[in-house]
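A.B. asks: this one's structure only:
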């Protein structure tokens, strides 16, 4: 670890907003307890020189993978600098970080600790030991929220009127979750042949654009999707709070775009699945959605009851494509290539034996093969 890092500070309480203006080589300043995988991947893509976190990057609540990914990518993390230092750090100004202390204009603003790979491993291992109690809290909160959000499964939520036609069609719902890029590439032939209705959940719309596909509909709170995606021509559905407040509409209005509001509890990916189901989709293929306990804990919302309720309702037509890329990750082995060549060789051998009986070409070919293989 270098003794001194000097660069411009970019800070935001929300990592997904910060990365939209963070430039390579700058210092990313966040207040993000338990840095999750998606936040880490966004930061890695932005290539900051340093990440300063006001909170605990690994609090011990659960074994979050974000800090390990950042260190593996060569991005150091200055941890636990505190809320006071976060507030004092001047956004857009140059600071100096020396020996885990932060200076601006010669004045000490705060200090923390640099995370090392060994420390991250130790903290993650301790967090694994806490999963039992965290699971108990998770189940308790889920039951509590499920009672409040039962309208999701009872069909009492008013659905927005949309132009996109889902009736009897296959639908792909893309969330910017784990392995979403790899999974999209793995199902590329399905996308080209079947041509399902494409739904991007916030940043999932950008994932579709990166893969070369235009989303038909974008749904979410509109805080982690690019202007390019919002202007691509897709129909826009803004996820609003149950009371009808929809902060995302302000952004659409600034861009001169229109959208409809879907007021519902839960996450944007939940209502995307629910909307496709209620509008008559024959099959829903989900990419990057949240599927296991670490996912839910990373999402940070107590209980994640809506996710359980929605999956309970749409399960009959839902196919989760998450992780499908792992099936194609192994490279072709050398012996497999030789086997393919050998299989092609025998038909050729039979052809030439019939076409040129009694010639010396077969002996010559065999000698060449022996020389090539070193036999």
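C.D. replies: Structure's in. What do you need? Predicted model, so just to flag it, every value in this text is computed and none were measured.
A.B. asks: just for the stretch 51-200 of the chain, where's the confidence low?
C.D. replies: Applying pLDDT under 70 to the stretch 51-200 of the chain flags residues 142, 145-156.
A.B. asks: can you check the stretch 201-350 of the chain too?
C.D. replies: In the stretch 201-350 of the chain, residues with pLDDT under 70: 290-305, 322-350.
A.B. asks: 80 - rerun?
C.D. replies: 266, 289-312, 321-350 (pLDDT under 80).
A.B. asks: give me the distance between the nearest residue to residue 252 once chain neighbours are set aside and residue 135.
C.D. replies: Excluding the flanking residues, the one nearest residue 252 by C-beta to C-beta, 6 or more residues apart in numbering is residue 259, at 4.9 Å. Every residue, glycine included, has its C-beta placed from N, CA and C. Relative to residue 135, residue 259 is positioned 38 Å away (C-beta to C-beta, to the nearest Å).
A.B. asks: go on, residue 45?
C.D. replies: Applying C-beta to C-beta to residue 45 and residue 135 gives a distance of 32 Å.
A.B. asks: now for residue 219: which residues touch it?
C.D. replies: Applying C-beta atoms under 8 Å, 6 or more residues apart in numbering to residue 219 gives the contacts 199-202, 236-239, 262, 268, 271-272, 275.
A.B. asks: repeat that for 6 Å
C.D. replies: Counting by C-beta atoms under 6 Å, 6 or more residues apart in numbering, residue 219 touches 201, 237, 272.
A.B. asks: now do residue 251
C.D. replies: Contacts of residue 251 (C-beta under 6 Å, 6+ apart): residue 222.
A.B. asks: so it: helix, strand or coil?
C.D. replies: Here residue 251 takes the helix state, with states given by DSSP: H, G, I helix; E, B strand; the rest coil.
A.B. asks: distance of it from residue 239?
C.D. replies: From residue 251 to residue 239 the distance is 12 Å (C-beta to C-beta).
A.B. asks: likewise residue 200?
C.D. replies: Taken as C-beta to C-beta, the span from residue 200 to residue 239 is 13 Å.
A.B. asks: equivalent analysis for residue 20, please.
C.D. replies: 19 Å.
A.B. asks: for residue 134, same thing?
C.D. replies: Taking C-beta to C-beta, one finds residue 134 at 27 Å from residue 239.
A.B. asks: more neighbours: the two, which one.
C.D. replies: A direct count of neighbours by other C-beta atoms under 10 Å for residue 134 and residue 239 places residue 239 higher, at 24 against 16.
A.B. asks: give me the distance between stretch 71-87 and the centre of its chain.
C.D. replies: 22 Å (C-alpha atoms, centre = their mean, to the nearest Å).
A.B. asks: check which residues of it are buried.
C.D. replies: For stretch 71-87, the neighbour count (16 or more other C-beta atoms under 10 Å) marks 71, 75, 76, 77, 78, 79, 80, 81, 85, 86 as buried.
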